[in-house]
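K.L.:
Predicted model, plus sequence, below.
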Amino acid sequence: MCRRLLLVLLGLLLAGPTLAADYAPLSGGRFASVLPADGKAAPASLKPFHLRTEPVTNAEFLAFVRRHPEWRRDRVPPVFADGRYLSQWAGPDALPRQPVTRVSWFAAQAYCESEHARLPTWYEWEYAAAADATRADARSDPTWRERVLAWYARPSNEALPTIGGAPDLHGVRDLNGLVWEWVDDFNALMVSSDSREQDGADKLGFCGAGALGMEQKENYATLMRVAMLSSLEATDTTTNLGFRCARSD
Amino acid sequence: MSRTLSTVLAAASMLALAACSGKQVADAALPPAAHATPAPLPPTPDFGPPQGAPIHAVLTSPPNVPPPIHRNYPAKVIVELEVVEKEMPISEGVSYTYWTFGGTVPGSFIRVRQGDTVEFHLKNSPTSKMPHNIDLHGVTGPGGGAASSFTAPGHESQFTFKALNQGIYVYHCATAPVGMHIANGMYGLILVEPPEGMPKVDHEYYVMQGDFYTTGKYREKGHQPFDMDKAIDERPTYVLFNGREGALTGDKALAAKVGETVRLFVGNGGPNLVSSFHVIGEIFDTVRQEGGTVEQHNVQTTLIPAGGAAMVEFRTQVPGSYVLVDHSIFRAFNKGAMAILKVDGPENKMVYSGKEVDSVYLGDRAEPNLHAVATAAKANAAGTLSKDEQIAAGKQLFTGTCSVCHQANGEGLPGVFPPLANSSLVAQLAKEDKTRLISIPLHGLTGKVNVNGKAYDSVMPPMTQLTDDEVANLLTYVLNSWGNPGGQVTKEEVAKVRAQPAPAPGAEH
């Protein structure tokens, strides 16, 4: 059954055009993150980088697994991925052009290396996701925020959509509204497990929660992503968590 | 003096305790120190270590409550609660993506015994998008468990606490942004029963209020996303019992029989509003306000804070539908905060008679609005009715009955309602066929008619609610108004026409 499905997926992969992944250049610079660089207000500073225009798909990840069988579902060591790793491939719903999900941070990192790339940092990801079709930073526009929030409000008991959202100013697609995405430094975002600890002993532990004050309420859409990433371990895989890769210039 | 008083108090409390233990409070597991502690504020005993085999807690979906605990020792109780994010109807034709504890809003009801050691397993469904945690107000410890239960999708957290204090407690999610997690339905109740249990009642139900914030208006159809701005402004779109409009009405109403005792565990998840909880037509015999141990009696409306709960008890006396509301009453009638308790059984006329008299009370309406009508009726009865009195009465009746369609000036609405002012049809009938004229208000008029050169084709229903003299007055008014030819209609003429069968429709020409 699993083998047959793999073959089906593979067949679809071979039938479709197999293009090398596209990377778009982003200029970087100073950027006001929801997680200030000094924990208070300092903007983040970003070097120019390239970002994959689309999340990695099932078909692409399958091709990777075939080249690197140590990342097969039945071979991956449990220290690198939990029991749910790629388990959607055993069912009837996995489509080649869907973003791959249920991949651990380790697996995502290994995939990116195979493209001579790496996972983006949180600042890189957040900077890229701030764009809309015409502006590099559209976050002050309620429309931008509503698009992000609309995805949160959509239940995830249905099949994932395939990739192919409209490209933004940088030519990058699907940053918001499709899946969560791993970032390289997901475990350094420092959101407290109890978001209400605003004045606990561990000052570093609450900066994400602290930013949820009224003056920053517009940022809560992004902070929910931070909260999600903070809840993860590197071996974790979830139904809505995929990734894309980045390259330093 | 104060020393004497405290000695007296201590003695009194010993007596009270002795009286209690007479009715089987005696609890083998209770350390004797607990009984010896002086009133009024005994330190909370810790009830000793859990005994016996671990017990899996029975969780129930609202409005059901798990059965009472008949256990006389503290145990280790295992609670397994799953967080599920799912789309459900919030109102007829309106859906909302709820985040739930156990798949329902409010979340599963948890019932443990004071002194139990609770091993809590919080599972976050693999299909969840968000990480979640749980803060139980019944937990003594930092964050009420929140810090120990932050759980990614597809994961499970475990922590253990001892239920030190009895009472009814809210639990909720405390993940950022907390308000949004609560607004999406992440709250429920945990009952910590006292060691001696609770007085037996016939029904226990679980009701919890919450406020909801959607981008669309109240009852706007389709899928409605959460609206953070409305939530911050505390302007809810819905205020609901048990998470959806109609969750406890119709077939799903709470039920009891006459003469039964009902205990409601009523929580308020918020996130914002405080509830003025009231049951229309009932008086709460007993309320444990804020879920505390002090009993209040004979309460009409009890305040339930956001993040708080109460236990209310009453005995049903009279059959009928009792409406549970938040008596901040626009929330009940315009935002959905209504539920029904249906009580079946025999009437009790000694307590409540039902309607004994239904008679007309005109009050101020007779003066001056329908004054002329009353005058005409009196004159009619006395046989002294004049044409002018008829016209005056007819004018007031016309305003109430006819002007909606024919307009106050008698000109009708072009193409829809034919004019009565300067009407060719009125003139023709007054001259040629008075019976036909009288028949129109009595039997209605359906089909094509030609008035002042224009064709009309609509339906006028029979005005059977009017009496003979009212019809006579109305027609006399019309005949003597707006350039119509004049004349008079008597109630005898009307009575004669009313006795005849209605003419065939469309026979006007």
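P.N.:
Yep, it's here.
K.L.:
so for stretch B:236-246, what's the average pLDDT?
P.N.:
For stretch B:236-246, the mean pLDDT works out to 96.
K.L.:
And stretch B:305-312, by the same measure?
P.N.:
pLDDT averaged over stretch B:305-312 gives 97.
K.L.:
do the same with stretch B:341-353
P.N.:
Throughout stretch B:341-353, pLDDT has a mean value of 88.
K.L.:
Stretch B:139-156 now?
P.N.:
Across stretch B:139-156, the average pLDDT comes to 88.
K.L.:
now swap in stretch B:212-223 and tell me
P.N.:
Average pLDDT, stretch B:212-223: 93.
K.L.:
OK, contacts around B:G52?
P.N.:
When contacts are counted by Cβ atoms under 8 Å, 6 or more residues apart in numbering or on different chains, B:G52 touches B:Y73, B:A75, B:K76. Heads up, the C-betas are built off the backbone N, CA and C, glycines and all.
K.L.:
Tell me the residues on the stretch 201-350 of chain B that lie near chain A, please.
P.N.:
B:H223, B:P225, B:F226, B:M228, B:I232 (Cβ under 8 Å from any Cβ of the partner chain).
K.L.:
Now flag whichever of those residues is closest to B:R498.
P.N.:
Using Cβ to Cβ, B:H223 comes nearest to B:R498 of those, at 56.2 Å.
K.L.:
which non-adjacent residue is nearest that closest one?
P.N.:
Nearest non-adjacent residue to B:H223, counting by Cβ to Cβ, 6 or more residues apart in numbering or on different chains: B:S95, 4.8 Å away.
K.L.:
Helices along the stretch 151-300 of chain B, start to end?
P.N.:
Assigned by DSSP state H, counting those that start in this stretch, the helices in the stretch 151-300 of chain B fall at B:178-183, B:228-233.
K.L.:
Would you mind finding the most buried of those?
P.N.:
The highest average neighbour count among the helices of the stretch 151-300 of chain B, using mean count of other Cβ atoms under 10 Å in any protein chain shown, belongs to helix B:178-183 at a mean of 22.
K.L.:
Would you mind writing the CA trace of it as PDB?
P.N.:
In PDB, the C-alpha atoms belonging to helix B:178-183 read as follows (Å, rounded to 0.1, in the frame of the first residue of the first chain):
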ATOM      1  CA  VAL B 178      -4.900  34.600  25.900                       C
ATOM      2  CA  GLY B 179      -8.000  36.600  25.100                       C
ATOM      3  CA  MET B 180      -8.200  35.100  21.600                       C
ATOM      4  CA  HIS B 181      -7.800  31.500  22.900                       C
ATOM      5  CA  ILE B 182     -10.600  32.100  25.400                       C
ATOM      6  CA  ALA B 183     -12.800  34.000  22.900                       C
END
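K.L.:
Tell me the spacing between B:A408 and B:T401.
P.N.:
12 Å (Cβ to Cβ, to the nearest Å).
K.L.:
These two - which one has more neighbours?
P.N.:
Counted by other Cβ atoms under 10 Å in any protein chain shown, B:A408 and B:T401 do not tie: B:T401 has more neighbours, with 17 against 11.
K.L.:
Now the more buried one: closest residue in space that isn't a chain neighbour?
P.N.:
Going by Cβ to Cβ, 6+ apart, B:T401 has B:M463 as its nearest residue, at 6.4 Å.
K.L.:
burial measure for that neighbour, as a count.
P.N.:
17.
K.L.:
got it, and B:P194?
P.N.:
Other residues close to B:P194 by other Cβ under 10 Å number 15.
K.L.:
residues in contact with it?
P.N.:
B:Q114, B:Q166.
K.L.:
what does B:G222 give?
P.N.:
Counting by Cβ under 8 Å, 6+ apart, B:G222 has contacts B:G93, B:V94, B:S95, B:G216.
K.L.:
change it to 6 Å
P.N.:
Residues counted as contacts of B:G222 (Cβ atoms under 6 Å, 6 or more residues apart in numbering or on different chains): none.
K.L.:
Surely A:A59 and A:L95 touch.
P.N.:
No. If you go by Cβ atoms under 6 Å, A:A59 and A:L95 don't touch, sitting 8.6 Å apart.
K.L.:
before we move on, the earlier item: make sure the residue nearest to B:T401 is actually in contact with B:P441.
P.N.:
Yes. Counting by Cβ under 6 Å, B:P441 is a contact partner of B:M463 at 4.7 Å.
K.L.:
picking up where we left off before, top of the contacts of B:G52 by number of neighbours, please.
P.N.:
Counting by other Cβ under 10 Å, top hit in these: B:A75 with 20 neighbours.
K.L.:
quick one, phi psi at that one?
P.N.:
With angles defined as degrees, to the nearest 10, B:A75 sits at phi -120, psi 170.
K.L.:
and it, bridged to which residues?
P.N.:
Under DSSP bridges, the beta-bridge partners of B:A75 are B:Q51.
K.L.:
wait, isn't it in contact with B:P50?
P.N.:
Yes. At 5.3 Å, B:A75 counts as touching B:P50 under the criterion of Cβ under 6 Å.
K.L.:
Could you report the separation of the nearest residue to B:G354 once chain neighbours are set aside from B:N165?
P.N.:
Nearest non-adjacent residue to B:G354, counting by Cβ to Cβ, 6+ apart: B:E347, 6.9 Å away. Per Cβ to Cβ, B:E347 is found 43 Å from B:N165.
K.L.:
for residue 102, what are its contacts?
P.N.:
Picked chain A for this. The neighbours of A:R102, taking Cβ under 6 Å, 6+ apart as the test, are A:R84, A:Y85, A:L86, A:S87, A:Q88, A:T237.
K.L.:
Wait, chain B was what I had in mind.
P.N.:
B:L81, B:S108.
K.L.:
By mean pLDDT, flag the weakest helix or strand of chain A.
P.N.:
helix A:207-210 (a mean of 38; mean pLDDT, DSSP states H and E).
K.L.:
What residues are bridge-paired with the residue nearest to the spatial centre of chain A?
P.N.:
The centroid of chain A falls nearest to A:E181 when counting by Cα atoms, centre = their mean (1.1 Å). Using DSSP bridges, the bridge partners assigned to A:E181 are A:G242.
K.L.:
swap in B:G320?
P.N.:
Following DSSP bridges, B:G320 is listed with bridge partners B:V343.
K.L.:
still on that earlier bit, in terms of neighbours, single out the busier of A:A59 and A:L95.
P.N.:
A:A59 (22 against 16).
K.L.:
Would it be right to say that that one lies in a helix?
P.N.:
Yes. With DSSP: H, G, I helix; E, B strand; the rest coil as the criterion, A:A59 is part of a helix.
K.L.:
helix/strand/coil for the residue nearest to it when sequence neighbours are not counted?
P.N.:
Once flanking residues are discounted, A:A59 sits nearest to A:P96: 3.6 Å by Cβ to Cβ, 6+ apart. At A:P96, secondary structure determined by three-state DSSP is coil.
K.L.:
Give me the neighbour count for B:H121.
P.N.:
15.
K.L.:
same check, this time on B:S386
P.N.:
Counted with other Cβ under 10 Å, the neighbours of B:S386 add up to 11.
K.L.:
Mind pulling up the pLDDT for it?
P.N.:
Reading off the model, B:S386 has pLDDT 86.
K.L.:
Okay, the residue lying closest to it once chain neighbours are set aside and B:G102: tell me how far apart.
P.N.:
Distance criterion Cβ to Cβ, 6+ apart; nearest residue to B:S386, sequence neighbours excluded, is B:A379 at 7.1 Å. From B:A379 across to B:G102, the span is 73 Å (Cβ to Cβ).
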